[in-house]
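J.: Please find the sequence and the predicted model below.
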Number of protein chains: 2
Amino acid sequence: MRASRYLSATLKETPTDAVVISHQLMLRAGMIRKLASGLYTWLPTGLRVLKKVERIVREEMNRSGSLEVVMPVVQDADLWQESGRWQAYGPELLRMKDRHDRDFVLGPTHEEVITDLARNELTSYKQLPISFYQIQTKFRDEIRPRFGVMRSREFIMKDAYSFHVGEDSLHDEYMNMHATYCRIFDRLGLDYRAVQADSGSIGGSGSQEFHVLADSGEDDIAFSTESNYAANIEMAEAIAVGERAAPTAELEKKATPNARTIADLVNDYGIPIEKTVKTLVVKASDEVGEPLVALLIRGDHELNEIKAEKLPEVAAPLTFATEAEIRAAFGAGPGSLGPIGLDLPVIIDRSVALCSDFSAGANEDGMHYFNINWDRDLPLPPVADLRNVVAGDPSPDGKGVLEIRRGIEVGHIFKLQDKYSAAMKARVLDENGKEVTMAMGCYGIGVTRVVAAAIEQNHDENGIIWADSIAPFHVGIVPLNAHKSPEVMATAEALYDELTAMGIEVLLDDRDKKTSPGVKFADMELMGIPHRIVVSDRGLEAGQIEYKHRRASEKEEWPLAGIAQALAERIKV
Amino acid sequence: MRASRYLSATLKETPTDAVVISHQLMLRAGMIRKLASGLYTWLPTGLRVLKKVERIVREEMNRSGSLEVVMPVVQDADLWQESGRWQAYGPELLRMKDRHDRDFVLGPTHEEVITDLARNELTSYKQLPISFYQIQTKFRDEIRPRFGVMRSREFIMKDAYSFHVGEDSLHDEYMNMHATYCRIFDRLGLDYRAVQADSGSIGGSGSQEFHVLADSGEDDIAFSTESNYAANIEMAEAIAVGERAAPTAELEKKATPNARTIADLVNDYGIPIEKTVKTLVVKASDEVGEPLVALLIRGDHELNEIKAEKLPEVAAPLTFATEAEIRAAFGAGPGSLGPIGLDLPVIIDRSVALCSDFSAGANEDGMHYFNINWDRDLPLPPVADLRNVVAGDPSPDGKGVLEIRRGIEVGHIFKLQDKYSAAMKARVLDENGKEVTMAMGCYGIGVTRVVAAAIEQNHDENGIIWADSIAPFHVGIVPLNAHKSPEVMATAEALYDELTAMGIEVLLDDRDKKTSPGVKFADMELMGIPHRIVVSDRGLEAGQIEYKHRRASEKEEWPLAGIAQALAERIKV
């Protein structure tokens, strides 16, 4: 592509309404433009990237054995009434009436349509397992569309649906999709993690999210340094290792008039924070026979509310006791509680069970116990996993330790089981001629969102950094002062022709002298073109051109002869 | 693809709600299924064809220099208000409100969106000419969707828009698009004509429709046997050739009490129909100074109302005088009119001007003149092109004669000029730094419709006949009685692997013995797979396989050795 015949549409200034870096860079690099809230036009540069993402997704889905179809964007409301989602879905479901006053929706997903298709076309177990996918426009009427295409109203999704007789078949396809997604995100050049969406073992849980790691992500992901274990931080099991040390000091009760928080205890009394324990009081479930339960975690840890809520002793939804309730029950404030003399059921975190010589409130305002030791000063209460993991915790699968990073969800694989097939009576005959409801899986990738996530993960102060596989162009050629040197332009053109004939995608910046070399370099960096060639008079005199990779800090001088081949070897698509 | 892992979804019976053959065959061949009125899901076989059409369109559009973009399906109503189409467009424009009660439409076309983009991104003549295209879902809320995807509500269109300073630049791009469309329809393997949508010369007219020739088409197309002249029948110029013969008989006025029509005159008096003339009376335009005008055409010709309406003497819209008005003016009925003694302005068709010894009414009920001759019996009136062309007429470009066939419109190229750019103030600075409104062209192809049109043109009693370039599979392999012969299946599998590795798309019908060979053959014919291979025990004994092309009536015996190469040579993609 010649820049003179292209719409690069780069912007020097960062548009003020763009908050996240990918949105800013997609606007500045001329990839997208906003039509209206949550509605974007993909310009040539953006579209080139989008189509490459689509192609990789399509190739790997085809390889997985899934069959491509395309279902309508506009869907009949009848099916949504049948599945129950017509009522259950909120205003994100855009509803409309056609000219005959019939109800329709703009599809946010296609479970109803595919289940309708399956119940009409599939009659026998012999046709199963079968999987269908589409790459199609979807619409969700977000109340507050934001972050550009990261959370837009209209977007492109790859959604796949599989149909099975029996759990084993569903599980096989689930694992097939897991492997397919890994191949897809590998080819997209992304650093990602397949994250368990609940606490089961990988695959067995039936729900995994694929997250691209990036500082701007909305979710905290814990993952092992040495295995493929990864989980949403709320779901990661916190393991306590080692044994409790023997007591080394006498239990002591002291007046601590100014110690109202863990930080006070650490600062004022020189207690290491891991030797402090917090007592949190929550409403108990009916089975406890008391109104309240105390949960104890170390001072340096955070309560994991999802884990707490799953305890049989704790009422769901998790509700903290108010200060007034605590005072009424114990005669002390929430900052002065502790296990000694606490007259209610207590559950302690695994880490707390390993503490020795620790400090906690004395259930009297202004008083703390120091050097508390289990079994010596009081019996060990029931133990549970109550806290969020922290970086450095051992990985629950026993391999390596946990790292914690933020992630952007770009894919999801999920065992739907019979949620839709039961409601919509999608049945086949099994081997015994008996009618059975099909089991279903669904598997999504946010195709437009992947583009934004790739930028969130791969950029610097000069712009985007694309992997070769999804770059809008593989190579950028800048002829320097071409208006003064016909040889420079002729060399650039010859190289352009040679590379193009090899199937390498090149942007030749042939804009005239009114566009300075500096602007040309800045545009190529902003657009994230991975390989840059500069052709100059001085270089040609030495039989050289200048090469620079977008990630490299240094330029390289390459001999002009054989340069196309040398470039081809560097490009990994 | 193995049939056992595919959803062929073929149907034996023709669905009763499908009227046209393409709709019937697309349902029967498992290409589409109806979700709701005018809304279709594309099944795997249909999708494979659709994606190939898309790819050919994309490759040729890229080659033309047009830049691919994608604009939202959901469009802001504001832009439609600005262009005036919010008011002008009927109920085919599906309007809806989002959760914030703002007005939106489902895009039936994208002129507003692209013009908005152009006015924001294009500022200088240096950026022009530029052309953008997209392949995108569109929606028209047809009052009566019918014929399957031929006239559906949701459909896929390739729409392109070009921007220019000046008419010459627009014309160059128009011709570039003309050539691009010819390449596209050539590669799709279609018999088509680029049809002038008005009577100007090719290209100069600024509007051409691309029609696929098929008996089921809705339009009559006249085209030359020896040039690329083609026009909608209403638009084709009727040329009269030769000279008027000298009179051979005396003028005669006869009582013809039973001759009320041309057919009566031909049947009862033995007059050749081309020697009869009809007189049609229409309302005159203001410039005539009389209320009525008579138009004379030969008895075997049809008045072309569009041509008539363009005459300065005729009022638009064309209005025929009623029988009462004719009686009041001439004292005779409409079946008894003729040029002799007719007291109002007369215009005669070119063919009528060449008539000699012809018959017409005498402007008295029950009376006709025979052997009328111009210049002898009355002066020659003004002459114009008033009639529809008929097969065998000379082509207006002087090359060959006209053929007339029916056509299905699948594409349109059109000089929009400044219709949208003026309304929406899309301007750039020209070479002199002066603001000018851009000229625009728009260029559409009905991508989903092309699939149906290809079938309308290419089918037989057994099903669809695909060109190699858009066939869902290039080759079908049927292993005969494979359950009895492992060698047959092994040979079929090996051939399948070899062809697949060569990039040839194969459907291997590996369904078990419950599916009879007859059903397998019928499915492949129905699906229109162009090349069929049968592997059988008997063939293998002779070292042969059976080959049959979908269009051929005879099978061929091919040696098994080198068969992949032989097939590759036959396949034209």
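T.: Received it, and whenever you're ready, just let me know what you need. Numbering: from 1, shown residues only, chains lettered A, B, ... in the order given.
J.: can you tell me the residue of the stretch 251-400 of chain A closest to chain B?
T.: Closest approach between the stretch 251-400 of chain A and chain B, counting by CB to the nearest CB: residue A:317, at 27.4 Å. Yep, even glycine has a C-beta here, placed from its N, CA and C like the rest.
J.: Tell me where the stretch 351-500 of chain A has helices.
T.: A:419-423, A:447-457, A:486-501 (DSSP state H, counting those that start in this stretch).
J.: Any residue of stretch A:461-479 touching chain B?
T.: No - using CB under 8 Å from any CB of the partner chain, no contact is recorded between stretch A:461-479 and chain B, whose separation bottoms out at 11.4 Å.
J.: got the buried residues for that stretch?
T.: By 16 or more other CB atoms under 10 Å in any protein chain shown, the buried positions in stretch A:461-479 come out as A:463-479.
J.: Determine how far the last residue of that stretch lies from the first.
T.: The straight-line separation of the ends of stretch A:461-479 (CA to CA, to the nearest Å) is 24 Å.
J.: so which helix or strand takes in the nearest residue to residue A:157 once chain neighbours are set aside?
T.: Once flanking residues are discounted, residue A:157 sits nearest to residue A:138: 5.0 Å by CB to CB, 6 or more residues apart in numbering or on different chains. Assigned by DSSP states H and E, residue A:138 falls within strand A:130-139.
J.: centre of the chain versus whichever helix or strand comes after that strand, how much separation?
T.: Downstream of strand A:130-139, the first helix or strand assigned by DSSP H and E is strand A:154-164. In terms of CA atoms, centre = their mean, to the nearest Å, the centre of strand A:154-164 is found 18 Å from the chain centre.
J.: Next SSE downstream of strand A:154-164?
T.: Past strand A:154-164, the next helix or strand by DSSP H and E is helix A:167-187.
J.: before we move on, back to that, okay, now the sheet partners of the strand holding residue A:138, with direction.
T.: strand A:67-68 (parallel), strand A:154-164 (antiparallel) (DSSP bridges).
J.: Show me the strands in the stretch 251-400 of chain A, by range?
T.: Remark: strands assigned in the stretch 251-400 of chain A by DSSP state E, counting those that start in this stretch are A:252-255, A:277-283, A:292-298, A:346-349, A:358-361, A:367-372, A:383-384.
J.: Dump these into JSON lines; add mean neighbour count as well.
T.: Shown next, in JSON lines, are those (neighbours: other CB atoms under 10 Å in any protein chain shown):
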{"stretch": "strand A:252-255", "mean neighbour count": "12"}
{"stretch": "strand A:277-283", "mean neighbour count": "22"}
{"stretch": "strand A:292-298", "mean neighbour count": "23"}
{"stretch": "strand A:346-349", "mean neighbour count": "23"}
{"stretch": "strand A:358-361", "mean neighbour count": "26"}
{"stretch": "strand A:367-372", "mean neighbour count": "21"}
{"stretch": "strand A:383-384", "mean neighbour count": "18"}
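J.: Quick one: the ones you listed as TSV, columns for distance to chain B too.
T.: Output for the strands of the stretch 251-400 of chain A, formatted as TSV (distance: least, CB to the nearest CB, whole Å):
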stretch	distance to chain B
strand A:252-255	59
strand A:277-283	36
strand A:292-298	40
strand A:346-349	43
strand A:358-361	49
strand A:367-372	53
strand A:383-384	42
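J.: Now render the ones you listed as CSV, adding distance to residue A:145 and mean pLDDT.
T.: CSV is the format used below for the strands of the stretch 251-400 of chain A (distance: least, CB to CB, whole Å; pLDDT from 0 to 100):
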stretch, distance to residue A:145, mean pLDDT
strand A:252-255, 56, 94
strand A:277-283, 37, 96
strand A:292-298, 38, 96
strand A:346-349, 40, 96
strand A:358-361, 47, 96
strand A:367-372, 51, 96
strand A:383-384, 41, 97
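J.: With distance to residue B:62 added, can I get those strands in JSON lines?
T.: Shown next, in JSON lines, are these (distance: least, CB to CB, whole Å):
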{"stretch": "strand A:252-255", "distance to residue B:62": "80"}
{"stretch": "strand A:277-283", "distance to residue B:62": "63"}
{"stretch": "strand A:292-298", "distance to residue B:62": "61"}
{"stretch": "strand A:346-349", "distance to residue B:62": "61"}
{"stretch": "strand A:358-361", "distance to residue B:62": "70"}
{"stretch": "strand A:367-372", "distance to residue B:62": "74"}
{"stretch": "strand A:383-384", "distance to residue B:62": "61"}
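J.: isn't residue A:362 right next to residue A:372, touching?
T.: No - Residue A:362 lies out of contact with residue A:372 (CB atoms under 8 Å); the separation is 9.9 Å.
J.: what touches both of these two?
T.: A:338, A:340 (CB atoms under 8 Å, 6 or more residues apart in numbering or on different chains).
J.: quick revisit: does the residue nearest to residue A:157 really touch residue A:153, like I thought?
T.: No - counting by CB under 8 Å, residue A:138 stays clear of residue A:153, with 9.3 Å between them.
J.: re earlier: so which of the helices of the stretch 351-500 of chain A is the most packed in?
T.: helix A:447-457 (a mean of 26; mean count of other CB atoms under 10 Å in any protein chain shown).
J.: can you give me the angle that helix makes with strand A:130-139?
T.: 80 degrees (axes from the mean of the first three to the mean of the last three CA atoms, to 10 degrees).
J.: Put the alpha carbons of helix A:447-457 into PDB.
T.: Extracted in PDB, the C-alpha atoms of helix A:447-457 (Å, rounded to 0.1, in the frame of the first residue of the first chain):
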ATOM      1  CA  VAL A 447     -13.000 -10.400  18.300                       C
ATOM      2  CA  THR A 448     -13.100  -6.600  18.300                       C
ATOM      3  CA  ARG A 449     -12.100  -6.600  22.000                       C
ATOM      4  CA  VAL A 450      -9.100  -8.700  21.200                       C
ATOM      5  CA  VAL A 451      -7.700  -5.900  19.100                       C
ATOM      6  CA  ALA A 452      -8.000  -3.400  22.000                       C
ATOM      7  CA  ALA A 453      -6.600  -5.900  24.500                       C
ATOM      8  CA  ALA A 454      -3.600  -6.500  22.300                       C
ATOM      9  CA  ILE A 455      -2.800  -2.800  22.400                       C
ATOM     10  CA  GLU A 456      -3.300  -2.500  26.100                       C
ATOM     11  CA  GLN A 457      -0.700  -5.200  26.500                       C
END
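J.: Show me what it is packed against.
T.: helix A:21-28, helix A:44-63, strand A:154-164, strand A:207-213, strand A:402-417 (3 or more CB pairs under 8 Å, 6 or more residues apart in numbering or on different chains; DSSP states H and E).
J.: Please identify which of the ones you listed is closest to residue B:25.
T.: Set against residue B:25 and scored by CB to CB, the helices and strands packed on helix A:447-457 come closest in helix A:44-63, at 25.3 Å.
J.: what residues does that closest one touch?
T.: Contacts of helix A:44-63 (CB under 8 Å, 6+ apart): A:6-9, A:26, A:29-32, A:42, A:68, A:133, A:135, A:156, A:158, A:160, A:180, A:183-184, A:187-188, A:445, A:447-448, A:450-451, A:466, A:469-473, A:505, A:527, B:67-70, B:132.
J.: now with 7 Å?
T.: A:6-8, A:26, A:29-32, A:42, A:68, A:133, A:135, A:158, A:160, A:180, A:183-184, A:187-188, A:445, A:447-448, A:450-451, A:469-470, A:472, A:527, B:67-70 (CB atoms under 7 Å, 6 or more residues apart in numbering or on different chains).
J.: Pull the contacting residues for residue A:37.
T.: Residue A:37 neighbours (CB under 7 Å, 6+ apart): residue A:145.
J.: No more questions from me, cheers.
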